[in-house]
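Asks: 3D model of this:
(one chain, ligands or ions: 2)
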Amino acid sequence: MDTQIKIPLITNIQRYSLDDGPGIRTGVFYKGCPLHCPWCHNPENISTRMGLYFHVDKCVRCGSCAEVCPEKAITLPGPDGSPPQRDRDKCSQCMQCVLKCPARALEQVGELLSIEQIVKEAISDMPFYRKSGGGVTISGGEPLLFPVFTLELVKELKRKYVHVAVETSGFGNWEHLSKIAEYVDLFLYDLKHMNPLKHQAVVGVPNNIIHDNLRKLVNLNKKVIIRVPVIAGFNNEKHNFEMMVEFLNTLDCPVEAVDLLPFHNFAEAKYKQLDQNYDYKGAPNMEKEEIAEFVETLQKTIKTTVGGVTIQ
Ligand code: SF4
Ligand code: SF4
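Replies: Residues are numbered from 1 along each chain as shown. Ligands and ions are numbered 1, 2, ... in the order given. Prediction:
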């Protein structure tokens, strides 16, 4: 993991969010993640580098982007009306093409924002947080990839009496996580697969660090909601959820709940706009009925929800 990277690019400050913790929230999305889950719903946040969305439907094939590109990374639109193509390996992220495009077909993904700028925007919704029991959720990407920045951000938010949630894969250095945890009210903590080999093979990192960190986090009496993306062909096996129950029951303090997130395909358009490979192209959304037996397995001993909705 590259701990040299100190300041994340921010891809979105999403206000009025209802999905990432209690009440009305503002989501702060970092760019950069050490995992590479092939179903990722925020593919724009995997790379730490600045990116480009290409909205091909807006492109008027004027060729200005290719003319202005100092790296000759963009081909001119074809005479047959085909759109310009960008060679990502040649691109130096200068964003001149974005500035030049008359049709706003090119969009910069990620910008540098200071902690002051983020906090200022976040606290503008303070009345909504107070009324709804909401706050700010730091997400990504992976907040633990930028531990110094995250620590300063959570400290500043707590100074303003904001409820702070952190959405994390749990893959990070415990020393960093424990310091950040002092200023966090709620963790939304991912568990993806209990089998270490499958976890490593598919998402690219071992799960033992994630499990160890969770064990230590609950020992600090921190509120934790486990989130599990349920992905066909990866972790939708009863045995995986039985192992999860077994593991969660060995924790010294219980987690608040497990929230199952059945696969959905809403991110497909983003992969296209980013010109990124997507293994789940055309894959159907998973229906709630398909995860009913996993809910049943979990809720025998742990409060279980689906997509944040409490199951009675
Ligand atoms: S960001 Fe700069 S280098 Fe990259 S394609 Fe656009 S103009 Fe070329
Ligand atoms: S400058 Fe914009 S509209 Fe013109 S070809 Fe490039 S992407 Fe298309």
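Asks: okay, CA-based contacts and neighbour counts for the rest of this
Replies: Noted.
Asks: what about L145, distance to I46?
Replies: L145 sits at a distance of 11 Å from I46 (criterion: CA to CA, to the nearest Å).
Asks: anything in contact with each of these two?
Replies: 32-34 (CA atoms under 8 Å, 6 or more residues apart in numbering).
Asks: could those residues go into TSV alongside distance to ligand 2 and neighbour count?
Replies: Below are the shared contacts of L145 and I46 laid out as TSV (distance: CA to the nearest ligand atom, whole Å; neighbours: other CA atoms under 10 Å):
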residue	distance to ligand 2	neighbour count
G32	25	25
C33	28	23
P34	30	20
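Asks: Throw the residues you listed into a markdown table and include secondary structure, thanks.
Replies: Output for those, formatted as a markdown table (DSSP: H, G, I helix; E, B strand; the rest coil):
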| residue | secondary structure |
| --- | --- |
| G32 | coil |
| C33 | coil |
| P34 | coil |
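Asks: rewinding a little: which one's more surrounded, L145 and I46?
Replies: L145 (29 against 20; other CA atoms under 10 Å).
Asks: tell me the domain ranges of the protein?
Replies: Domain ranges of the chain: 9-48+111-310, 51-109, per automatic domain parsing.
Asks: Comparing the ones you listed, which comes out most buried?
Replies: Neighbour counts (mean count of other CA atoms under 10 Å) averaged over each of the domains of the chain peak at domain 9-48+111-310, with a mean of 18.
Asks: Quick one: mean pLDDT over that domain.
Replies: Mean per-residue pLDDT for domain 9-48+111-310: 96.
Asks: how far does it sit from the chain's center?
Replies: 7 Å (CA atoms, centre = their mean, to the nearest Å).
Asks: D279 contacts W39, correct?
Replies: Yes - judged on CA atoms under 8 Å, D279 makes contact with W39 at a distance of 7.2 Å.
Asks: Now do the phi/psi pair for the residue of the chain most remote from its centre.
Replies: The C-alpha centroid of the chain is most remote from P79, which lies 39.5 Å away (CA atoms, centre = their mean). Backbone dihedrals for P79, given as degrees, to the nearest 10, come out at phi -60, psi -20.
Asks: Need phi/psi at F29.
Replies: phi -110, psi 120.
Asks: Could you check how far C65 is from ligand 2?
Replies: Shown here: C65 relative to ligand 2, a distance of 4 Å by CA to the nearest ligand atom, to the nearest Å.
Asks: residues in contact with that residue?
Replies: Each residue near C65 by CA under 8 Å, 6+ apart is listed here: 74, 96-98, 100-101.
Asks: Look at it and give its secondary structure.
Replies: Secondary structure assignment for C65 (three-state DSSP): helix.
Asks: Strands of the stretch 151-300 of the chain, residue ranges please.
Replies: Assigned by DSSP state E, counting those that start in this stretch, the stretch 151-300 of the chain shows strands spanning 164-168, 186-190, 223-230, 257-262.
Asks: Tell me which helix or strand the closest residue to C69 other than its chain neighbours sits in.
Replies: In space, and not counting its chain neighbours, C69 is closest to C97: 6.2 Å by CA to CA, 6 or more residues apart in numbering. For C97, the host element (DSSP states H and E) is helix 96-100.
Asks: Just want the residue of the stretch 101-250 of the chain that's nearest ligand 2.
Replies: Using CA to the nearest ligand atom, the closest approach of the stretch 101-250 of the chain to ligand 2 is made by C101 at 3.6 Å.
Asks: who are the neighbours in contact with that residue?
Replies: Here C101 is in contact with 64-65 (CA under 8 Å, 6+ apart).
Asks: Tell me how far it lies from A66.
Replies: Using CA to CA, C101 is found at 10 Å from A66.
Asks: try T11
Replies: 25 Å.
Asks: next one: K31
Replies: The value you get for K31 to A66, if CA to CA is used, is 26 Å.
Asks: returning to that earlier point: please dump the contacts of C65 into TSV; it should also carry pLDDT for every row.
Replies: Listed next are these as TSV, based on pLDDT from 0 to 100:
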residue	pLDDT
I74	96
Q96	97
C97	98
V98	97
K100	97
C101	98
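Asks: what comes into contact with the helix or strand harbouring V148?
Replies: Assigned by DSSP H and E, V148 belongs to helix 147-159. Residues outside helix 147-159 that contact it (CA under 8 Å, 6+ apart) are 6-8, 115, 119, 143-144, 163-164, 176-177, 179-180, 183-184.
Asks: among those, which two are most distant?
Replies: K6 and H163 (23.7 Å; CA to CA).
Asks: Alpha carbons only: can I get stretch 130-139 in PDB?
Replies: What follows is stretch 130-139, C-alpha atoms only, in PDB (Å, rounded to 0.1, in the frame of the first residue of the first chain):
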ATOM      1  CA  ARG A 130     -29.600  18.100  13.300                       C
ATOM      2  CA  LYS A 131     -33.200  17.400  12.200                       C
ATOM      3  CA  SER A 132     -32.500  14.000  10.800                       C
ATOM      4  CA  GLY A 133     -29.700  12.600  12.900                       C
ATOM      5  CA  GLY A 134     -27.400  12.800   9.900                       C
ATOM      6  CA  GLY A 135     -23.900  14.000   9.300                       C
ATOM      7  CA  VAL A 136     -20.900  13.400   7.000                       C
ATOM      8  CA  THR A 137     -19.800  10.000   5.600                       C
ATOM      9  CA  ILE A 138     -16.200   9.800   4.300                       C
ATOM     10  CA  SER A 139     -16.100   7.200   1.500                       C
END
